[in-house]
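**Student:** next input, structure requested:
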Amino acid sequence: MKEMQDFKEEQHAPKKKPWELSDGMQTHPLLWFIWNEVPGNNDTPFLGRLTDFLGASWIMEADIEKSSDMLLMIVTRDDKMIQLELRPELSGVIITDKEGDVLREVTARESKGRHTVSQH
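**Tutor:** Predicted coordinates:
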């Protein structure tokens, strides 16, 4: 009886709509951010995903700066720092901590002059 009830609930549960281009790239489940747009007018989505990705709550209140060559992004708050380095030749971004230890490496693809960065 319980199995039949679970089956009925599953059949009536609203189905999650698959992502479509018209939803906007910023909502794509695999896209983390567009390198060329950070920092920008609203960095909260980027900082939120970075916070979740690295598990460091201080990031939500951090400042973001980019180097003059646009290949290095520095996220800082007080004495804490994370550095993201765009490496086009590797199609990636390397994320390091204040000491220079690599925390993560993620994918960065260039298309039409923009680098899209994904966590997968």
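**Student:** list the residues that contact the most centrally placed residue in the chain.
**Tutor:** For the chain, residue 32 is the residue whose C-alpha lies nearest the centre (Cα atoms, centre = their mean; 2.7 Å). By Cβ atoms under 8 Å, 6 or more residues apart in numbering, the contact list for residue 32 reads 46, 49, 53, 106, 117-119. Any C-beta I mention is one placed from the backbone N, CA and C, and that applies to glycine too.
**Student:** what about 7 Å?
**Tutor:** By Cβ atoms under 7 Å, 6 or more residues apart in numbering, the residues touching residue 32 are 49, 106, 117-119.
**Student:** now swap in residue 54 and tell me
**Tutor:** Counted by Cβ under 7 Å, 6+ apart, residue 54 has contacts 82, 103.
**Student:** can you pull the pLDDT of it?
**Tutor:** The pLDDT attached to residue 54 in the predicted structure is 92.
**Student:** do the same with residue 42
**Tutor:** 88.
**Student:** again, but for residue 48
**Tutor:** Residue 48 is given a pLDDT of 89.
**Student:** measure it to residue 82 for me?
**Tutor:** 14 Å (Cβ to Cβ, to the nearest Å).
**Student:** kindly report the same for residue 41.
**Tutor:** 21 Å.
**Student:** these two: which is more packed in?
**Tutor:** Each of residue 41 and residue 82 has its neighbours counted (other Cβ atoms under 10 Å); residue 82 has more, 22 against 5.
**Student:** closest to residue 63 out of the contacts of residue 32?
**Tutor:** residue 49 (16.9 Å; Cβ to Cβ).
**Student:** which residues touch the closest one?
**Tutor:** Residue 49 neighbours (Cβ under 7 Å, 6+ apart): 32-33.
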